[in-house]
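Peer 1: Provide a 3D model corresponding to the input given below.
(one chain, ligands or ions: 3)
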Amino acid sequence: MPALVLLGAQWGDEGKGKATDLLGGSVDYVVRYQGGNNAGHTVVVGDQTYALHLLPSGILSPECTPVIGNGVVVDPSVLLSELSGLNERGVDTSKLLLSGNAHIITPYNVTMDKVAERFLGKRKIGTTGRGIGPTYADKINRVGIRVQDLYDESILTQKVEAALDFKNQLLAKVYNRRAIAVDQVVEELLGYADKLAPYVADTVLVLNEALEADKVVLFEGGQGTLLDIDHGTYPFVTSSNPTAGGACTGAGVGPTKISRVIGILKAYTTRVGSGPFPTELLDEDGEALRRIGGERGVTTGRDRRCGWFDAVIARYATRVNGLTDFFLTKLDVLTGWEQIPVCTAYEIDGRRVSELPYSQTDFHHAKPVYEMLPGWSEDITKAKTFTDLPKNAQDYVKALEEMSGAPISAIGVGPGRDETIQINSFL
Ligand code: GDP
Ligand code: IMO
Ligand code: MG
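Peer 2: Residues are numbered from 1 along each chain as shown. Ligands and ions are numbered 1, 2, ... in the order given. As a prediction, the model looks like this:
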């Protein structure tokens, strides 16, 4: 029963889509377990580029069954348009399974996300505006709408009423916005019911039976460790658990079933939205990383903030996820720098610390302590084995591995499926 979790080790956009797609051909199920269409996963197959938001990246491998687990929040209009977009490009999506327990991002949740951010002003989180936070808030407040509610009009109407009762007061009295009509929301949601029906399943049962039958299941995280609601840089985080434990709750699979946890780690660091970022570069090096790495958001089109590799964060990701392996991505982007700084510790108010501080105040004050590693100028995009890499690139990888606390089992040297050096097998 090999069950693998593949997740972001930093602030998202590490290259999870590419890594998942790479494994897609050899796994039976790929499961999204948290988040929603705040994710943007780019997969390059030959001359085709796919941008996936809600669908697991395994959708591009015909032999693989893609699953949207109970822990995901689903915007039905986005799901249906993503499906039809793929169908138009010849991708068969008929095997998709959607948990009946997944919560629905309703139109009022999207509205609430946008107005709440506006209300926060300069204290805003910089959310993707997709309704993620308000939908998870409704789930926790027990006024959420689930996929299964689409199939009982009376229950759906009662639940939408309950959810809007309070929200309409808030919209009108606090945010100065027009109230949202229950009937309109119910009508819109019912309109999705038949279209989604072929996919709705008891995904917990399906996945546990698959594991019993020795099938290979891959859990694909959205976002990243530092965006985790519990373990990330709160409050500048998303509203779910991208960390490894989230795979258990978000898919209904016990922790004893998980055999491998792979952290996707970019060879430098990026972040989208607000919040502390110790190695952030506001100079021409940051601009160069953004340009060479194509660091522009897939979901919102925002420029990503860029900085050098931060080993303190990598070690933290190893710890909170119990990582067994790293997949180091975008090493090719660092080609051309004479020396590459790597953050090994922080200086916080005169103290040197080598682990991520638990205090938000300390993290805001953290200044990176850099070690300089020699760079390389050779093109590495054609490298197929570790020894094909120039010596300094090999040493850079070995140094990162040493600092990060888990073996680097694969290295990305370009966006394509075949632009990968596999060191240890993941299966
Ligand atoms: P995700 O959200 O973690 O799936 O990552 P994104 O797709 O948002 O961002 C990663 C970007 O890097 C995408 O444009 C990928 O095509 C690209 N990418 C992934 N791995 C590599 C790599 O090893 N080298 C290069 N140059 N690009 C890569
Ligand atoms: P992938 O899966 C990078 C960030 C947003 C914001 C914060 C909260 O592509 O790695 P939300 O809309 O989730 O409430 O926003 O989280 N964020 C991401 N940043 N990659 C992502 O997904 C992200 N999903 C959310 O920018 O700072
Ligand atoms: Mg992304």
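Peer 1: got the contact list for the residue lying closest to Leu289 once chain neighbours are set aside?
Peer 2: Spatially, and ignoring its direct neighbours in sequence, Leu289 is nearest to Cys306 (4.0 Å; CB to CB, 6 or more residues apart in numbering). Using the backbone N, CA and C atoms, a C-beta is placed for each residue, glycine as well. Cys306 makes contact with Tyr268, Thr269, Thr270, Glu280, Leu281, Gly286, Glu287, Leu289, Arg290, Gly293, Glu295 under the criterion CB atoms under 8 Å, 6 or more residues apart in numbering.
Peer 1: and the closest residue to ligand 3 within the stretch 201-350 of the chain, how far is that from Cys64?
Peer 2: Of all residues in the stretch 201-350 of the chain, Val298 sits closest to ligand 3, at 5.1 Å by CB to the ion. Note on Val298: its distance to Cys64, by CB to CB, to the nearest Å, is 21 Å.
Peer 1: same check, this time on Asn37
Peer 2: Using CB to CB, we find Asn37 at a distance of 20 Å from Cys64.
Peer 1: count the residues that sit near Ser154.
Peer 2: Using other CB atoms under 10 Å, Ser154 has 7 other residues around it.
Peer 1: surely Gln148 and Asp202 touch.
Peer 2: No: the pair Gln148 / Asp202 is not scored as a contact, 10.1 Å apart, by CB atoms under 8 Å.
Peer 1: overlap in contacts of those two?
Peer 2: Common contacts of Gln148 and Asp202, defined by CB under 8 Å, 6+ apart, comprise Gly100.
Peer 1: contacts for the helix or strand containing Tyr396?
Peer 2: Counting by DSSP states H and E, the element that carries Tyr396 is helix 391-404. Contacts with helix 391-404, where a contact means CB under 8 Å, 6+ apart, come from 265, 267, 309, 311, 314-315, 317-318, 326, 328, 331, 334-335, 340, 342, 344, 371, 373-376, 378, 380, 386-387, 389, 407-408, 411.
Peer 1: ditto for stretch 330-341
Peer 2: Outside stretch 330-341, the residues within contact range by CB under 8 Å, 6+ apart are 15, 266-268, 285, 289, 292-293, 308-309, 368, 370-381, 389, 393, 396-397, 411-414, 419.
Peer 1: and with 7 Å instead?
Peer 2: Stretch 330-341 is contacted by residues 15, 266-268, 289, 292-293, 308, 370, 372-377, 379-381, 393, 396, 411-414 when judged by CB atoms under 7 Å, 6 or more residues apart in numbering.
Peer 1: buried ones in that stretch?
Peer 2: By 16 or more other CB atoms under 10 Å, the buried positions in stretch 330-341 come out as Lys330, Leu331, Asp332, Val333, Leu334, Thr335, Trp337, Ile340, Pro341.
Peer 1: ditto for stretch 12-32
Peer 2: Those would be 12-24, 27-32, for stretch 12-32 by 16+ other CB under 10 Å.
Peer 1: for that stretch, what is the average pLDDT?
Peer 2: Stretch 12-32 carries an average pLDDT of 94.
Peer 1: pull out the buried residues from the contacts of stretch 330-341.
Peer 2: 15, 266-268, 289, 292-293, 308, 370, 373, 375-376, 380, 393, 396, 411-414.
Peer 1: can you narrow those to ones near ligand 1?
Peer 2: Within the set of these, contact with ligand 1 (CB under 6 Å from any ligand atom) is found for Gly15, Gly412, Val413, Gly414.
Peer 1: what's the closest of those residues to ligand 2?
Peer 2: Gly15 (9.1 Å; CB to the nearest ligand atom).
Peer 1: if we can go back for a sec, tell me how far the nearest residue to the residue of the stretch 201-350 of the chain closest to ligand 3 once chain neighbours are set aside lies from ligand 1.
Peer 2: Once flanking residues are discounted, Val298 sits nearest to Gly40: 2.7 Å by CB to CB, 6+ apart. The gap separating Gly40 from ligand 1 is 5 Å, by CB to the nearest ligand atom, to the nearest Å.
Peer 1: Gly40: how many residues sit nearby?
Peer 2: Applying other CB under 10 Å, we find 20 other residues in the vicinity of Gly40.
Peer 1: which other residues reach the helix or strand that Ser84 is a member of?
Peer 2: Assigned by DSSP H and E, Ser84 falls within helix 76-88. Contacts with helix 76-88, where a contact means CB under 7 Å, 6+ apart, come from Asn37, His53, Leu54, Leu55, Ile59, Thr93, Ile104, Tyr192, Lys195, Leu196.
Peer 1: rerun at 10 Å
Peer 2: With contact meaning CB atoms under 10 Å, 6 or more residues apart in numbering, helix 76-88 is reached by 36-37, 50-55, 59-60, 68, 72, 75, 91-94, 96, 98, 102, 104-107, 110, 130-131, 147, 150, 188-189, 191-193, 195-196, 199.
Peer 1: same question, stretch 201-213
Peer 2: For stretch 201-213, the surrounding residues in contact (CB under 10 Å, 6+ apart) are 1-3, 28-29, 31, 65, 67-70, 72, 96-102, 147, 215-217, 219, 251-254, 257-259.
Peer 1: got a PyMOL select line for the buried ones in these?
Peer 2: To isolate the buried members of these in PyMOL, using 16+ other CB under 10 Å:
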select buried, resi 1+2+3+28+29+31+65+67+68+69+70+72+96+97+98+99+100+101+102+147+215+216+217+219+251+252+253+257+258
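Peer 1: thinking again about what came up before, which one of the contacts of Cys306 sits closest to Lys139?
Peer 2: Nearest to Lys139, judged by CB to CB, of the contacts of Cys306 is Thr270 at 28.7 Å.
Peer 1: list the contacts of the closest residue to the closest one other than its chain neighbours.
Peer 2: Sequence neighbours aside, Arg304 is the residue nearest to Thr270 in space, at 4.2 Å (criterion: CB to CB, 6+ apart). Residues in contact with Arg304 (CB under 10 Å, 6+ apart) are 11-13, 269-273, 286, 289-290, 293-297.
Peer 1: buried sites along the longest strand anywhere in the chain?
Peer 2: Counting by DSSP state E, the longest strand found in the chain is strand 339-348. Across strand 339-348, burial judged by 16+ other CB under 10 Å covers Ile340, Pro341, Val342, Cys343, Thr344, Ala345, Tyr346, Ile348.
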